[in-house]
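**Student:** okay, here's the prediction I keep looking at, along with the sequence it came from:
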Amino acid sequence: MKLDPDIRYYASGGPPKTQEEMIKFCEDQLLLARQDKIIIDRITPISQVVYNSSKLSFEDLEYLADMCDMILNQTTCTLVYCRPSNEHLLNPKSHDWKEYDTPEHIENILNNQARFIATYDQFMSTKLNVVQCNFEEPEVYVELAAMLAAGESSREAKNRLKYFGGYYHV
(Lines give C-alpha, C1' and ligand atoms only; values in the text may rest on other atoms or scores of the structure.)
Protein backbone atom coordinates (compact mmCIF):
# COMPACT_ATOMS: atom_id res chain seq x y z
CA MET A 1 0.00 0.00 0.00
CA LYS A 2 1.52 3.28 -1.10
CA LEU A 3 0.37 6.57 0.30
CA ASP A 4 -0.52 9.47 -1.92
CA PRO A 5 2.85 10.83 -3.13
CA ASP A 6 1.70 14.35 -2.24
CA ILE A 7 1.47 13.46 1.45
CA ARG A 8 4.55 14.71 3.27
CA TYR A 9 5.92 12.99 6.36
CA TYR A 10 7.27 15.01 9.29
CA ALA A 11 9.04 13.36 12.23
CA SER A 12 9.48 15.69 15.17
CA GLY A 13 12.56 13.82 16.34
CA GLY A 14 13.63 13.49 19.92
CA PRO A 15 11.95 15.12 22.87
CA PRO A 16 12.57 18.85 23.36
CA LYS A 17 15.47 19.58 25.68
CA THR A 18 14.35 23.01 26.87
CA GLN A 19 11.11 24.92 27.36
CA GLU A 20 11.99 27.13 24.39
CA GLU A 21 12.47 24.06 22.18
CA MET A 22 9.17 22.62 23.42
CA ILE A 23 7.36 25.83 22.44
CA LYS A 24 9.08 25.86 19.04
CA PHE A 25 8.10 22.21 18.39
CA CYS A 26 4.47 22.99 19.31
CA GLU A 27 4.33 26.09 17.11
CA ASP A 28 5.89 24.23 14.18
CA GLN A 29 3.44 21.35 14.54
CA LEU A 30 0.47 23.72 14.69
CA LEU A 31 1.59 25.33 11.43
CA LEU A 32 2.05 21.88 9.87
CA ALA A 33 -1.38 20.72 11.07
CA ARG A 34 -2.95 23.63 9.22
CA GLN A 35 -1.56 22.26 5.96
CA ASP A 36 -3.18 19.63 3.82
CA LYS A 37 -1.60 16.25 3.15
CA ILE A 38 0.94 15.90 5.93
CA ILE A 39 1.60 13.18 8.47
CA ILE A 40 3.12 14.44 11.71
CA ASP A 41 4.85 11.66 13.64
CA ARG A 42 4.67 12.46 17.35
CA ILE A 43 2.74 15.46 18.59
CA THR A 44 4.82 17.31 21.18
CA PRO A 45 1.89 18.56 23.32
CA ILE A 46 0.74 14.97 23.80
CA SER A 47 4.07 13.23 24.34
CA GLN A 48 5.39 15.95 26.67
CA VAL A 49 2.40 15.56 28.98
CA VAL A 50 2.54 11.75 28.94
CA TYR A 51 6.26 11.47 29.62
CA ASN A 52 6.98 14.61 31.66
CA SER A 53 3.82 15.84 33.39
CA SER A 54 5.38 15.55 36.85
CA LYS A 55 8.30 17.75 35.75
CA LEU A 56 6.26 20.49 34.07
CA SER A 57 4.90 23.64 35.66
CA PHE A 58 1.17 24.35 35.70
CA GLU A 59 1.74 27.06 33.08
CA ASP A 60 3.57 24.60 30.79
CA LEU A 61 0.79 22.03 31.19
CA GLU A 62 -1.83 24.67 30.33
CA TYR A 63 0.18 25.76 27.30
CA LEU A 64 0.54 22.16 26.10
CA ALA A 65 -3.20 21.50 26.56
CA ASP A 66 -4.07 24.61 24.55
CA MET A 67 -1.58 23.74 21.79
CA CYS A 68 -2.87 20.19 21.63
CA ASP A 69 -6.44 21.39 21.24
CA MET A 70 -5.43 23.87 18.55
CA ILE A 71 -3.55 21.18 16.60
CA LEU A 72 -6.27 18.55 16.91
CA ASN A 73 -9.10 20.97 16.10
CA GLN A 74 -7.80 21.64 12.59
CA THR A 75 -10.48 20.56 10.13
CA THR A 76 -8.00 18.47 8.17
CA CYS A 77 -6.55 16.75 11.25
CA THR A 78 -7.05 13.10 12.10
CA LEU A 79 -5.05 11.70 15.01
CA VAL A 80 -4.04 8.09 14.49
CA TYR A 81 -3.33 6.35 17.78
CA CYS A 82 -1.06 3.43 17.00
CA ARG A 83 -2.04 1.11 19.81
CA PRO A 84 -0.85 -2.49 19.65
CA SER A 85 -1.54 -5.03 22.39
CA ASN A 86 -0.22 -4.55 25.93
CA GLU A 87 1.92 -7.65 25.40
CA HIS A 88 3.65 -5.91 22.50
CA LEU A 89 4.00 -2.59 24.31
CA LEU A 90 5.37 -4.14 27.50
CA ASN A 91 7.95 -6.28 25.69
CA PRO A 92 11.31 -4.44 25.80
CA LYS A 93 12.47 -6.35 22.71
CA SER A 94 9.67 -4.81 20.64
CA HIS A 95 10.85 -1.24 21.24
CA ASP A 96 12.44 0.59 18.34
CA TRP A 97 14.95 2.76 20.15
CA LYS A 98 16.07 5.87 18.31
CA GLU A 99 19.61 7.18 18.09
CA TYR A 100 18.62 10.19 20.20
CA ASP A 101 17.22 8.03 23.05
CA THR A 102 19.54 8.47 26.00
CA PRO A 103 20.15 5.66 28.50
CA GLU A 104 18.18 7.70 31.07
CA HIS A 105 15.22 8.04 28.68
CA ILE A 106 15.25 4.30 27.92
CA GLU A 107 15.37 3.46 31.63
CA ASN A 108 12.50 5.87 32.32
CA ILE A 109 10.37 4.24 29.61
CA LEU A 110 11.10 0.70 30.78
CA ASN A 111 10.39 1.58 34.42
CA ASN A 112 7.12 3.41 33.69
CA GLN A 113 5.65 1.58 30.70
CA ALA A 114 2.32 0.68 32.29
CA ARG A 115 1.74 4.25 33.50
CA PHE A 116 2.62 5.72 30.09
CA ILE A 117 0.26 3.29 28.33
CA ALA A 118 -2.57 4.14 30.73
CA THR A 119 -1.95 7.87 30.29
CA TYR A 120 -1.99 7.61 26.48
CA ASP A 121 -5.17 5.48 26.59
CA GLN A 122 -6.92 7.94 28.90
CA PHE A 123 -5.85 10.94 26.82
CA MET A 124 -6.92 9.38 23.53
CA SER A 125 -10.31 8.43 24.94
CA THR A 126 -11.09 12.11 25.51
CA LYS A 127 -10.41 13.28 21.95
CA LEU A 128 -13.06 13.18 19.22
CA ASN A 129 -10.93 12.98 16.09
CA VAL A 130 -8.91 9.90 17.05
CA VAL A 131 -8.72 6.72 15.01
CA GLN A 132 -7.08 3.87 16.88
CA CYS A 133 -5.01 1.43 14.86
CA ASN A 134 -3.44 -1.81 16.02
CA PHE A 135 -0.54 -2.30 13.60
CA GLU A 136 -0.38 -5.95 14.66
CA GLU A 137 -3.58 -6.41 12.62
CA PRO A 138 -2.29 -6.00 9.04
CA GLU A 139 -5.70 -5.73 7.38
CA VAL A 140 -6.70 -2.86 9.68
CA TYR A 141 -3.39 -1.10 9.15
CA VAL A 142 -3.62 -1.41 5.36
CA GLU A 143 -7.23 -0.20 5.40
CA LEU A 144 -6.30 2.81 7.56
CA ALA A 145 -3.37 3.66 5.26
CA ALA A 146 -5.76 3.56 2.29
CA MET A 147 -8.22 5.86 4.06
CA LEU A 148 -5.51 8.34 4.94
CA ALA A 149 -4.13 8.22 1.40
CA ALA A 150 -7.64 8.96 0.12
CA GLY A 151 -7.90 11.91 2.49
CA GLU A 152 -10.95 10.62 4.34
CA SER A 153 -12.01 12.50 7.43
CA SER A 154 -11.67 10.98 10.89
CA ARG A 155 -15.46 10.44 10.97
CA GLU A 156 -15.35 8.54 7.68
CA ALA A 157 -12.33 6.55 8.84
CA LYS A 158 -14.04 5.63 12.13
CA ASN A 159 -17.20 4.51 10.35
CA ARG A 160 -15.27 2.32 7.93
CA LEU A 161 -13.02 0.88 10.61
CA LYS A 162 -16.07 -0.32 12.54
CA TYR A 163 -16.21 -3.08 9.98
CA PHE A 164 -12.62 -4.12 10.67
CA GLY A 165 -12.87 -5.48 14.18
CA GLY A 166 -13.67 -2.27 16.05
CA TYR A 167 -10.27 -0.61 16.07
CA TYR A 168 -11.58 2.90 16.44
CA HIS A 169 -12.56 5.49 19.03
CA VAL A 170 -15.88 7.29 19.15
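**Tutor:** Arrived safely, thanks for sending.
**Student:** surely Asn86 touches Ile117?
**Tutor:** Yes - assessed by C-beta atoms under 8 Å, Asn86 is found in contact with Ile117 at 6.7 Å. Every residue, glycine included, has its C-beta placed from N, CA and C.
**Student:** quick one, domains of the protein?
**Tutor:** The record's domain split for the chain, according to automatic domain parsing, is 1-76, 78-170.
**Student:** any idea which of these has the lowest pLDDT on average?
**Tutor:** Ranked by mean pLDDT, these bottom out at domain 78-170, which scores a mean of 76.
**Student:** ok now it, how far from the chain's centre?
**Tutor:** 7 Å (C-alpha atoms, centre = their mean, to the nearest Å).
**Student:** hmm, back to that, who's more crowded, Asn86 and Ile117?
**Tutor:** Ile117 (15 against 12; other C-beta atoms under 10 Å).
**Student:** so that one sits against Glu87, correct?
**Tutor:** No - distance between Ile117 and Glu87: 11.4 Å, which falls outside the contact criterion (C-beta under 8 Å).
**Student:** how about Ile39, secondary structure?
**Tutor:** Following DSSP: H, G, I helix; E, B strand; the rest coil, Ile39 is assigned to strand.
**Student:** quick check: beta-bridge partners of it?
**Tutor:** Using DSSP bridges, the bridge partners assigned to Ile39 are Tyr9.
**Student:** do I have it right that it meets Ile7?
**Tutor:** Yes - shown here, Ile39 and Ile7 form a contact pair, counting by C-beta under 8 Å, at 6.1 Å.
**Student:** for the helix or strand hosting Asp66, buried residues please.
**Tutor:** Assigned by DSSP states H and E, Asp66 falls within helix 58-72. Neighbour counts over helix 58-72 (16 or more other C-beta atoms under 10 Å) mark Asp60, Tyr63, Leu64, Met67, Cys68, Met70, Ile71, Leu72 as buried.
**Student:** would CSV of those with distance to Glu21 be doable?
**Tutor:** Listed next are the buried residues of helix 58-72 as CSV, based on distance: C-beta to C-beta, whole Å:
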residue, distance to Glu21
Asp60, 12
Tyr63, 13
Leu64, 13
Met67, 14
Cys68, 17
Met70, 19
Ile71, 17
Leu72, 21
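**Student:** for the residue nearest the centre of the chain, which non-adjacent residue is spatially closest?
**Tutor:** In the chain, the residue lying closest to the centroid (C-alpha atoms, centre = their mean) is Arg42, at 4.9 Å. Distances taken as C-beta to C-beta, 6 or more residues apart in numbering place Ser12 nearest to Arg42, at 4.6 Å, with adjacent residues excluded.
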